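*Asks:* Generate a structure from the sequence data that follows.
(chains A and B, ligands or ions: 2)
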Amino acid sequence: MDEIQRTLLKEVADLDALPVGAYNIRSNGAAAGRNSTANIEIVPKEDKPGIEIYIKPGTKKESVHIPVIITQTGLTDLVYNDFYIGEDCDVTIIAGCGIHNCGGELSQHDGIHTFYIGKNSKLRYVEKHYGSGDEVSKRVMNPTTIVHLDEGANMEMETTQIAGIDDTDRRTEGDLKAGAMLVVKEKILTTGVQKAKTYFNVDLNGEGCSANIISRSVAKENSWQHFDSRINGNAPCAGHSECDSIIMDHGCVTASPQLTANDIDASLIHEAAIGKIAGEQLMKLMTLGLTEKEAEEQIVNGFLK
Amino acid sequence: MLELKNVGFVADGEVEILKDVSLTINERFVAITGPNGGGKSTLAKLIAGIYEPTSGQILLDGVDITHMSITDRAKLGVSYAFQQPVRFKGLQVRDLIRLAAGRKITITEACNYLSEVGLCARDYIDREVNASLSGGELKRIEIAMVLARGTKLSVFDEPEAGIDLWSFQNLIHVFEKMYEETRGSILIISHQERILNIADKIVVIRDGEVTKYGTRDEILPELLESADAGNVACDVLTQKIK
Ligand SMILES: Nc1ncnc2c1ncn2[C@@H]1O[C@H](COP(=O)(O)OP(=O)(O)OP(=O)(O)O)[C@@H](O)[C@H]1O
Ligand SMILES: [Mg+2]
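*Replies:* Ligands and ions are numbered 1, 2, ... in the order given. As a prediction, the model looks like this:
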């Protein structure tokens, strides 16, 4: 692994060395390292690119790292990862994709991740996207995440994409059985002429299940973002989505939330706010001695922290 | 020393809010009071650079700051605690205290500033300065930021507003301590007799003009008398209720 690859790995998975526990490292479209443990088994798919991850029932306090890095220009990498998480687990899965491209051509990673989360299991899923390289070489990421939550299962998904990616089309879909809970925290920052589209569809099918989708985003310069969420309450359930965006320069953000209640006891809420940084926030920080530019930076960093 | 020379401010090119305000503030502790809408906050904003005067001059220690930016004034030594503190999604109390101090400070140092304003530091240091903080908590954090800055001119806009009765005495101590420790001037906008009571000088602003300016002993008795006179209407009401 060279210096650039090591940097990418550090950015997306916060790894300096090989991780403890189970892992699968994918580099330029091929496997670069894999480790299974007593409770977590990782096997390559036979019919298409990707892996299957099996987590034994009752596995607690264990983690799986599955970073993807691309440094080859002109590569389009498509991968299918399926996660089978047994009952009563409490695990963390750290995914992430880093593309370094300065070869002039487009590099792309499309990851399709499907989760089957067993009864009463708890999963924390962290996904970080990072891009580096020059301005002419395009970096594209299109992650699809499909989650099936069994009764009483609980998933918290944190996704972060802070600049560096020219085009992204994210899709997150979920279905929840009784008592399950899904929380999604998404953070996106776009600059230049970058585009980011994010789409959510959540079916709240079981009694007492709930979903909370929180998206915070900043669109700078001439970048463009589209937030599209659909929450369908098909049972007595609670759904909440929140899209909070700051636009700067000539940035553009569209938020189109949709709520559908198919049950009299479905309680669904959406909040959306799009606007520039409040003048009084800038002023307050300037009275502390910051320049306007520094104040902006602090506000944006805090907002996406 | 802060000097205002014939300062006037017209908002949006038509509404005259301050007229020909001239003041020399050389004392360590000066209180500004006066009826609602009189122009006190506007004056504070002119001093902090949030508004630019439409006429006149503002000098800080002889330096003309009339057209200086908010940032440059802050660097020169002006601090301003807002009447209505600002909320920030995402920024934590510790971030604001650190930015106010203008340097890397330890958690202990940051906590000390919070303790001074009566907040149990451990509970607050990591809180986001968002809508979840109560009005009084936010006011105290605003004061803590000015303490952390420790500049030669500190302007507080109604710091006691929203602070509960029990804590009021502690707040007075904060200002007394600040008075002892800093060499600079403290300018407090207030409607509270107990704050006016510890001021060296009192300014009264009414309808955009300085109507009174003098030592506490000159101004306070008059003010209290007129406030008592104002109670006549209340007495009528009390009688009625009886
Ligand atoms: N930007 C503005 N545009 C128009 N009018 C303004 C503006 N700012 C303040 N005013 C008006 O100027 C007057 C003085 O306002 P200011 O906030 O300075 O009063 P104050 O003395 O601080 O009152 P309070 O005791 O209620 O805080 C008020 O009538 C207010 O409505
Ligand atoms: Mg005011």
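*Asks:* Could you use CA atoms for every contact and neighbour count after this?
*Replies:* OK.
*Asks:* Near chain A, which residues of chain B? Just list them.
*Replies:* When proximity is defined as C-alpha under 8 Å from any C-alpha of the partner chain, chain B approaches chain A at B:48, B:50, B:70-75, B:78-80, B:86-92, B:99-100, B:102, B:149.
*Asks:* Where does pLDDT dip in chain B?
*Replies:* Applying pLDDT under 70 to the predicted model, the residue ranges of chain B that meet it are B:228-242.
*Asks:* neighbours around A:K305, how many?
*Replies:* Around A:K305 there are 13 other residues, counting by other C-alpha atoms under 10 Å in any protein chain shown.
*Asks:* can I assume it is in contact with B:K89?
*Replies:* No: counting by C-alpha atoms under 8 Å, A:K305 sits too far from B:K89 to count as a contact (9.8 Å).
*Asks:* hmm, who's touching the host helix or strand of A:H129?
*Replies:* Assignment of secondary structure by DSSP states H and E places A:H129 within strand A:122-133. Applying C-alpha atoms under 8 Å, 6 or more residues apart in numbering or on different chains, the set of residues contacting strand A:122-133 from outside is A:8, A:11-13, A:88-102, A:117, A:139, A:153-165.
*Asks:* neighbouring strands for the helix or strand just after it, and are they parallel or not?
*Replies:* The helix or strand immediately downstream of strand A:122-133 is strand A:139-141, counting by DSSP H and E. Using DSSP bridges, the neighbouring strands of strand A:139-141 in the sheet come out as strand A:107-117 (parallel), strand A:167-176 (parallel).
*Asks:* who's in contact with the residue nearest in space to the middle of chain B?
*Replies:* The residue lying closest to the centre of chain B (C-alpha atoms, centre = their mean) is B:F156, at 1.5 Å. If you count contacts by C-alpha under 8 Å, 6+ apart, B:F156 has them with B:80-83, B:143, B:186-189.
*Asks:* Now do the buried residues in the host helix or strand of it.
*Replies:* Element membership of B:F156 [criterion: DSSP H and E] is strand B:153-157. Of the residues in strand B:153-157, B:153-157 count as buried by neighbour count, 16 or more other C-alpha atoms under 10 Å in any protein chain shown.
*Asks:* quick one, strands of chain B?
*Replies:* B:2-11, B:15-25, B:29-33, B:55-60, B:63-64, B:78-81, B:153-157, B:185-189, B:201-206, B:209-215 (DSSP state E).
*Asks:* quick revisit: give the ChimeraX command for selecting the buried subset of the contacts of strand A:122-133.
*Replies:* Here is the ChimeraX command that selects the buried residues among these (16+ other C-alpha under 10 Å):
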select /A:8,11,12,13,88,89,90,91,92,93,94,95,96,97,98,99,100,101,102,117,139,153,154,155,156,157,158,159,160,161,162,163,164,165
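*Asks:* So which of the contacts of strand A:122-133 are in helices?
*Replies:* The subset of the contacts of strand A:122-133 located in helices under the criterion DSSP state H comprises A:8, A:11-13.
*Asks:* quick one: the worst-scoring helix or strand of chain A on mean pLDDT to strand A:122-133, angle?
*Replies:* Of all helical and strand segments in chain A, the minimum by mean pLDDT, DSSP states H and E falls on helix A:3-13, at a mean of 86. Relative orientation of helix A:3-13 and strand A:122-133, computed by axes from the mean of the first three to the mean of the last three C-alpha atoms, to 10 degrees: 140 degrees.
*Asks:* Summarise which helices and strands helix A:3-13 is packed against.
*Replies:* Contact analysis of helix A:3-13 by 3 or more C-alpha pairs under 8 Å, 6 or more residues apart in numbering or on different chains; DSSP states H and E lists strand A:60-70, strand A:90-101, strand A:122-133 as its packing neighbours.
*Asks:* And the contacts of that helix?
*Replies:* A:15-16, A:65, A:67, A:69-71, A:94-100, A:127-130.
*Asks:* how far does it sit from the chain's center?
*Replies:* Computed by C-alpha atoms, centre = their mean, to the nearest Å, the separation of helix A:3-13 from the middle of its chain amounts to 18 Å.
*Asks:* how close does the nearest residue to A:L15 once chain neighbours are set aside get to B:F82?
*Replies:* Sequence neighbours aside, A:L9 is the residue nearest to A:L15 in space, at 5.9 Å (criterion: C-alpha to C-alpha, 6 or more residues apart in numbering or on different chains). Relative to B:F82, A:L9 is positioned 45 Å away (C-alpha to C-alpha, to the nearest Å).
*Asks:* Which one of those two is surrounded by more residues?
*Replies:* With neighbours defined as other C-alpha under 10 Å, A:L9 and B:F82 compare such that A:L9 has more, 25 against 20.
*Asks:* residues contacting the closest residue to B:Q84 other than its chain neighbours?
*Replies:* Taking C-alpha to C-alpha, 6+ apart as the measure, B:Q84 lies nearest to B:K139, with 7.8 Å between them; neighbours along the chain are not counted. For B:K139, the residues meeting the contact criterion (C-alpha under 8 Å, 6+ apart) are B:84-85, B:159, B:161-163.
*Asks:* Quick one: closest of the strands of chain B to A:K177.
*Replies:* Comparison of the strands of chain B against A:K177 by C-alpha to C-alpha identifies strand B:78-81 as nearest, at 50.7 Å.
*Asks:* what packs against the closest one?
*Replies:* When contacts are defined as 3+ C-alpha pairs under 8 Å, 6+ apart, strand B:78-81 sits against helix B:40-48, helix B:135-149, strand B:153-157.
*Asks:* Could you list the buried residues of stretch A:183-193?
*Replies:* In terms of neighbour count (16+ other C-alpha under 10 Å), stretch A:183-193 has its buried residues at A:183-192.
*Asks:* which pair in these spans the largest distance?
*Replies:* Longest distance between any two of the buried residues of stretch A:183-193 is 30.0 Å, between A:V183 and A:G192; criterion C-alpha to C-alpha.
*Asks:* and chain B, which residues reach ligand 1?
*Replies:* If contacts are counted using C-alpha under 6 Å from any ligand atom, the residues of chain B sitting beside ligand 1 are B:11, B:17, B:35-42.
*Asks:* Now A:T287. Its backbone dihedrals?
*Replies:* Torsion angles at A:T287 (phi, psi; degrees, to the nearest 10) stand at phi -70, psi -10.
*Asks:* Share the number of residues neighbouring it, please.
*Replies:* Residues near A:T287, counting by other C-alpha under 10 Å: 27.
*Asks:* Please report how far it lies from chain B.
*Replies:* Applying C-alpha to the nearest C-alpha, to the nearest Å, the value for A:T287 to chain B is 5 Å.
*Asks:* what do you get for A:L259?
*Replies:* With distances defined as C-alpha to the nearest C-alpha, the gap from A:L259 to chain B amounts to 25 Å.
*Asks:* Can you verify my assumption that A:G179 contacts A:E207?
*Replies:* Yes: the pair A:G179 / A:E207 is scored as a contact, 6.3 Å apart, by C-alpha under 8 Å.
*Asks:* just to revisit the earlier point, what's the closest of the buried residues of strand B:153-157 to B:Q169?
*Replies:* Closest to B:Q169, out of all of the buried residues of strand B:153-157 and judged by C-alpha to C-alpha, is B:F156, at 16.5 Å.
*Asks:* So what sits opposite the closest one in the bridge?
*Replies:* The residues that B:F156 bridges to, once DSSP bridges is applied, are B:A81, B:I188.
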